[in-house]
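1. need coordinates for the below:
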Amino acid sequence: MRTLRNAVLAAAAVLGGCAVGPDYQRPELDTPAVYVQPVEQGESLANTPWWDLFQDPKLAELIRLALEKNQDLGIAAARVDEFRSLVGVTRASQFPSLDVAASGARVDGSDKVFPGNLVDGAVDNYRLQADVFFEVDLFGRLRRATEAARAQLLATEEARRSVTISLVASVASTYMLLRDLDAQLEIARRTEQARSDSLAIIQARFDKGTVPRLDLNQAEIELAVASAAVSAAERAVAQTEHALSLLLGRNPGRIARGLPLAGQTMPPAVPAGLPSELLQRRPDVLAAEASLAAQTARIGVAQAARWPSLSLTGALGFESGELSDLTASGSDFWSVGAGLFAPVFNAGRLKSQVEVERARTEQARLAYEQAVQRAFAEVEDALVAVRTYRDEHAARQRQLAAARSAARLSRARYDGGVTSYLEVLDTERSLFSAELAESQTLRLYLDAVITLYKALGGGWNPEA
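-> Predicted coordinates:
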């Protein structure tokens, strides 16, 4: 037993040897010093937790529900648990294994097979044995495999963060769309009521013969257009509620509303920070880098397979023909052994496997670089969207104010007999379009801020 223990300790000391294969180093990246789009100065918007960014209590409640119940996020979390367990499985190979076996049998050997058998009749055999196996990690194959497993676990954890950030952004964007559709439905219903009232007036005037049938027909057309817009908005509201319910991990149903679209507040400034911060913040970039590190370690696993491997074995136990004598003096036995395995000729299979892992590592390196470039592009797109939609919304507000004034003036001119009904129709159409465009543009601006928040890697604070 002492010999076995000494052999295991000696093997453990050998583990301090070098591990073949390259150590991971981050590739050289062409990281821009500043963004192309003009950026506001200040701490990055991504440093703001989502519960501070979104000031609508109902929206915050919906996001919390999604983080608790969403199936995609649950799958991502379960995948992290899976890879965490796989690290334990892989790491366990670096340590000795101990197995215990017990057996009992009654055997009567054939005299024809074993002539001259001294034992006449059946005999009993009882055995209790402990086996130890330990592979000496001479060239770091097991250590590289553990390194790869840990890096893959990190990639999986970052993938879960990516799902979390996407979920927060999706719930917020869908909620903003729902509030926009609510506003459009309200505008359509208000317009439908106004046109219905106008049709009643035109009908009364037509009945008295003071207006032509053309005015009546035009009023009927505009009322039908507004009614169709109400139906379309109702349909879009219901379908958006269903989509939001799915994000919340529940069956389709009604969604509680909070602040109206015009009441949503966003930070007055949306600073983006430095481009280099994306390398430490974006979960998809971090996941791609962790996958590259894992694949780099697998080169070492493949290279170590080309070198000799040393394994140590040991056994200790008791064997007796009587169960009562199993632990008696003289029934014990033990053995210690060592095995060396060295591949000599395999037609280049092991060498080709190293090349396979090198090629996969090159793919992972290119995927990492692509993830970095995609991150920069998404931030640039979001920055220009925030700036232009903000300016566009200001222009839509001016358009809406002018359209309301024009609609009031044209209606007064028509009632005074100064102009035709066609002018009223034209200005009311412009007003209807301006109201819808103003609401939609406001939603697009809010959605651009959410997209920038997601592109910068915000939306979730792991420490919280």
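2. how far does stretch 246-262 stretch from one end to the other?
-> 25 Å (Cα to Cα, to the nearest Å).
3. what's in contact with that stretch?
-> Stretch 246-262 is contacted from outside by 55-59, 61-62, 65-66, 68-71, 74, 167, 170-171, 174-176, 178-180, 182-183, 241-242, 244-245, 439, 442-443, 446, using Cβ atoms under 8 Å, 6 or more residues apart in numbering. All C-beta spots, glycine's among them, are computed from the backbone N, C-alpha and C.
4. out of these, list just those in helices.
-> Secondary structure from DSSP state H places 57-59, 61-62, 65-66, 68-69, 71, 74, 167, 170-171, 174-176, 178-180, 182-183, 241-242, 244-245, 439, 442-443, 446 of the contacts of stretch 246-262 in helices.
5. filter those down to the buried ones.
-> Those of the ones in helices among the contacts of stretch 246-262 that meet the buried threshold are 59, 62, 66, 167, 170-171, 174-176, 178-180, 182-183, 241, 244-245, 439, 442-443, 446, by 16 or more other Cβ atoms under 10 Å.
6. what segments of the chain are strands?
-> 97-107, 123-136, 309-320, 332-341 (DSSP state E).
7. figure out which of these is closest to A219.
-> Proximity to A219 (Cβ to Cβ) singles out strand 97-107 among these, at 88.1 Å.
8. that closest one - what's its average pLDDT?
-> Across strand 97-107, pLDDT averages out at 89.
9. list the strands paired with it, with their directions.
-> Using DSSP bridges, strand 97-107 pairs in its sheet with strand 123-136 (antiparallel).
10. quick one: Q295 from E277, how far?
-> Applying Cβ to Cβ, to the nearest Å, the value for Q295 to E277 is 25 Å.
11. from E362, how far off is the most centrally placed residue in the chain?
-> In the chain, the residue lying closest to the centroid (Cα atoms, centre = their mean) is V163, at 2.1 Å. Per Cβ to Cβ, V163 is found 27 Å from E362.
12. Q373 too?
-> 17 Å.
13. now swap in A46 and tell me
-> Applying Cβ to Cβ, the value for A46 to E362 is 31 Å.
14. for those two, indicate the residue with more neighbours.
-> A46 (25 against 12; other Cβ atoms under 10 Å).
15. so that one is in contact with Y453, correct?
-> Yes: assessed by Cβ atoms under 8 Å, A46 is found in contact with Y453 at 6.5 Å.
16. what sits closest to P96 if chain neighbours are left out?
-> F134 (4.0 Å; Cβ to Cβ, 6 or more residues apart in numbering).
17. just give me the neighbour total for the one you found.
-> Using other Cβ under 10 Å, F134 has 21 neighbouring residues.
18. equivalent analysis for E135, please.
-> 19.
19. residue contacts, the nearest residue to it once chain neighbours are set aside?
-> Nearest residue to E135, sequence neighbours excluded (Cβ to Cβ, 6+ apart): S311, at 4.8 Å. Counting by Cβ under 8 Å, 6+ apart, S311 makes contact with F133, F134, E135, V136, A338, G339, F341.
20. repeat the analysis, applying 7 Å as the threshold.
-> Taking Cβ atoms under 7 Å, 6 or more residues apart in numbering, we find S311 in contact with F133, F134, E135, V136, G339.
21. redo these as a markdown table? Include pLDDT.
-> Output for the contacts of S311, formatted as a markdown table (pLDDT from 0 to 100):
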| residue | pLDDT |
| --- | --- |
| F133 | 94 |
| F134 | 94 |
| E135 | 92 |
| V136 | 92 |
| G339 | 91 |
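22. which of those sits closest to I201?
-> Closest to I201, out of all of the contacts of S311 and judged by Cβ to Cβ, is E135, at 93.6 Å.
23. from S309, how far out is the closest one?
-> Applying Cβ to Cβ, the value for E135 to S309 is 7 Å.
24. repeat that for R141.
-> Applying Cβ to Cβ, the value for R141 to S309 is 7 Å.
25. neighbour count for these two, which is higher?
-> R141 (24 against 18).
26. who's in contact with that one?
-> R141 sits in contact with V301, A304, A305, where contact means Cβ under 7 Å, 6+ apart.
27. and W51, by the same measure?
-> A60.
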